[in-house]
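Enquirer: Okay, sequence plus prediction incoming.
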Amino acid sequence: KQEVTQIPAALSVPEGENLVLNCSFTDSAIYNLQWFRQDPGKGLTSLLLIQSSQREQTSGRLNASLDKSSGRSTLYIAASQPGDSATYLCAVMVPDFGNEKLTFGTGTRLTIIP
Amino acid sequence: ETGVTQSPTHLIKTRGQQVTLRCSSQSGHNTVSWYQQALGQGPQFIFQYYREEENGRGNFPPRFSGLQFPNYSSELNVNALELDDSALYLCASSSGGAQYFGPGTRLLVL
């Protein structure tokens, strides 16, 4: 059974700093890994999708890496801003009889201090 | 291109009642998935529909059921509501790649 872990559960950093969020998963047989952002009480916003054959993806100030063999992914946020405050979730898509099921971690709650 | 929409945004029910939640998929997407997110937890997979057929189910009892329509919109039905069904219900649409989520329906069962 695939399990996804995100550490730390919460993180506070001053505005302007670069930061790294971590995600680990137990089964390396994944199709892809997706990072999401969730604001309080809201839905999920897709940030980056990394296919299993890729090592990283970049979008603006965000960079996500994937190391399937070690079961790890990181989300790097450059020059953090107060608007980056949110919960960040990673999710892996696993082969499961043809369906596209995502297995999520419990998220890292990020607070950027002005 | 329109995004994923869900209705209603909030709902209050009492134990034993039934509820129907609705989702409109992103244009061009033929797969819809439903997830339940309890407070402070990551979303849990309920089930998925592909071209109107159930295409996978998570660890949820049969009182959770769904439908997908020819236009790829979808419904989640929950019968005999229990207090633990209180959660944010999210639907996501996809077409073989990234999943895109709607804003969710917040269900409170009293």
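Expert: Happy to help now that I have it. Residues are numbered from 1 along each chain as shown, chains lettered A, B, ... in the order given.

Enquirer: tell me which parts of chain A are close to chain B?
Expert: A:4, A:32, A:34, A:36, A:41-46, A:49, A:89, A:91, A:96-107 (C-beta under 8 Å from any C-beta of the partner chain). The way it works is simple: take the backbone N, C-alpha and C, and place the C-beta from them, glycine included.

Enquirer: filter those residues to the buried ones?
Expert: A:4, A:32, A:34, A:36, A:43-44, A:49, A:89, A:91, A:96, A:99-105, A:107 (16 or more other C-beta atoms under 10 Å in any protein chain shown).

Enquirer: if we can go back for a sec, what about the residues of chain A next to chain B, which are in strands?
Expert: A:4, A:32, A:34, A:36, A:44-46, A:49, A:89, A:91, A:102-104 (DSSP state E).

Enquirer: Against which helices or strands is the worst-scoring helix or strand of chain B on mean pLDDT packed?
Expert: The least trusted helix or strand in chain B, going by mean pLDDT, DSSP states H and E, turns out to be strand B:53-57, with a mean of 90. If you count contacts as 3 or more C-beta pairs under 8 Å, 6 or more residues apart in numbering or on different chains; DSSP states H and E, strand B:53-57 packs onto strand B:44-50.

Enquirer: and the strand it packs on with strand B:53-57, angle?
Expert: Between the axes of strand B:44-50 and strand B:53-57, defined by axes from the mean of the first three to the mean of the last three C-alpha atoms, to 10 degrees, the angle is 150 degrees.

Enquirer: What residue, apart from its backbone neighbours, is nearest the residue nearest in space to the middle of chain B spatially?
Expert: Centrality entry for chain B: nearest residue to the mean C-alpha point is B:W34, 3.6 Å, by C-alpha atoms, centre = their mean. Leaving out its chain neighbours, the residue that sits closest to B:W34 by C-beta to C-beta, 6 or more residues apart in numbering or on different chains is B:I46, at 4.3 Å.

Enquirer: just checking, that neighbour touches B:R63?
Expert: No. Contact criterion C-beta atoms under 8 Å: B:I46 and B:R63 do not qualify, at 11.3 Å.

Enquirer: Tell me which of these two has more neighbours.
Expert: Neighbours were counted for B:I46 and for B:R63 using other C-beta atoms under 10 Å in any protein chain shown; B:I46 has more, 23 against 13.
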